[in-house]
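> Here you go, sequence then predicted model.
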Amino acid sequence: MEDRELDAEERRCSERLTAVIKVAFRDLGRPEETFQDVTRNLSEGGVFIETSVVLPLGTPLLVEVRFEGAYAPVAIDGEIIRVEGEMSSQDVVAMRRVVGIAVRFREGQSRSINRLIKLVKEGVI
């Protein structure tokens with residue numbers, strides 16, 4: 001068997017759900033700034049947020065989902081592990097535009113994570 005790096009799909013330990021959810025998130029180092037965007041997908045390990053907000057790798061975040069009705073919000077701490085972008089050119093200058101961030105949830109929050117996944121699967125969101 002040959003040695004090779006595992007791709008992201010092989011490294012993933014939990015099911016990924018396609019989920020477009022409105023979320024608020026903020027850099028825990030600058031809690032006065034809150035951003036709002038939507039998710040692309042969600043798993044027990046983390047979430048991908050479609051955003052143009054530029055934050056560096058390793059930034060600690062609080063990701064919060066609010067629901068209509070009687071459901072209490074879900075807040076989960078995480079850390080940016082990947083920033084995705086796309087190249088666009090305007091005239092002669094090429095620019096990189098951020099299109100999203102991958103956030104890994106921190107350990108010890110399984111209750112909140114499982115609650116969020118359950119609400120997504122039940123169609124509450």
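Sure thing, it's come through. This is a predicted model, so every value here is computed, not measured. Numbering: from 1, shown residues only.

> can you tell me which helix in the chain is longest?
Across the chain, the longest stretch assigned as helix under DSSP state H is helix 110-121.

> which residues are in contact with that helix?
For helix 110-121, contacts defined as CB atoms under 8 Å, 6 or more residues apart in numbering pick out 17, 19, 21, 42-44, 65, 67, 71, 74-76, 105, 125. (Each C-beta comes from the backbone N, C-alpha and C, glycine too.)

> And stretch 51-63, by the same measure?
Looking at stretch 51-63 with CB under 8 Å, 6+ apart, the contacting residues turn out to be 23-29, 31, 35, 37, 47, 49, 75-83, 97-101, 103.

> These, buried ones only, as a ChimeraX selection?
Only the buried entries of the contacts of stretch 51-63 go into this ChimeraX selection, using 16 or more other CB atoms under 10 Å:
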select :23,25,26,27,37,47,49,76,77,78,79,80,83,100,101,103
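
> Can you list which of the contacts of stretch 51-63 are found in strands?
23-27, 35, 37, 47, 49, 75-83, 97-101, 103 (DSSP state E).

> hmm, which of the contacts of helix 110-121 are the buried ones?
Neighbour counting with 16+ other CB under 10 Å marks Leu17, Ala19, Ile21, Leu42, Ser43, Glu44, Val65, Val74, Ile76, Phe105, Ile125 as buried within the contacts of helix 110-121.

> Would you point out the helix or strand in the protein whose mean pLDDT is lowest?
helix 8-11 (a mean of 47; mean pLDDT, DSSP states H and E).

> which stretches of this protein have low pLDDT?
Across the chain, residues meeting the criterion (pLDDT under 70) sit at 1-13, 86-96.

> For Glu33, grab the count of nearby residues.
A total of 11 residues lie near Glu33 under the criterion other CB atoms under 10 Å.

> Against Gly78, how distant is it?
Between Glu33 and Gly78 the distance is 16 Å, computed by CB to CB, to the nearest Å.

> do the same with Asn41
For Asn41, the distance to Gly78 (CB to CB) stands at 14 Å.
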